[in-house]
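Model the structure of this input:
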Amino acid sequence: MQEAPFDLGEEARAFTARQTGMGAVVTFTGIVRDVADGLDVMEIEHYPGMTGRALTKIAEEARARWSLGDVLILHRFGRLRADELIMMVATASRHRADAFQAAEFLMDYLKSRAPFWKKEHGRDGAGWVAARDEDEAALDRW
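Numbering: from 1, shown residues only. Alright, predicted model coming up:
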């Protein structure tokens, strides 16, 4: 969890460089999207201790479910503008299927259950982002 922007290329390069004996590295990067051309700022709040424990727990669960060499979860908080990087997930494994599945599992968790609260600020005012049924359905498959 960090407020400052991260360098996607550097994070992916450093993660990959740490892997030995792995045959696959999968990365996913989330970007703040401009919802219907009206989003100015996405404000993300969290409780550091609570969020840190939750992300550690979900990374451990991914390691228990799939044969992974390493997992990286980066998630920003604070005020982010449309088109800024908001999060990154990276997984490494000997085989690509485990890396892809674990990354998708982590992304589904981050989207629906990670203890972050998001508020959109736009031309028409501000409002908290509600949970979406399709995000919960995606998590149900795990």
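
for Ala131, what are its contacts?
Applying Cβ atoms under 8 Å, 6 or more residues apart in numbering, we find Ala131 in contact with Ser112. C-beta: built from backbone N, CA, C; applies to glycine.

The residue lying closest to Phe100 once chain neighbours are set aside: which element?
By the measure of Cβ to Cβ, 6 or more residues apart in numbering, the closest residue to Phe100 outside its immediate chain neighbours is Val26, 5.3 Å from it. Take DSSP states H and E as the rule and Val26 turns out to sit in strand 24-31.

go on, Met107?
Mapping Met107 onto the secondary structure by DSSP H and E places it in helix 96-112.

which strands and helices sit next to that helix?
For helix 96-112, the elements it packs on are strand 24-31, helix 48-65, strand 70-75, strand 85-93, helix 133-140, judged by 3 or more Cβ pairs under 8 Å, 6 or more residues apart in numbering; DSSP states H and E.

out of those, deepest packed?
Mean neighbour count, computed with mean count of other Cβ atoms under 10 Å, is highest for strand 85-93 among the helices and strands packed on helix 96-112, reaching a mean of 23.

Figure out how far it is from the centre of its chain.
For strand 85-93, the gap between its own C-alpha mean and the chain's C-alpha mean amounts to 7 Å (Cα atoms, centre = their mean, to the nearest Å).
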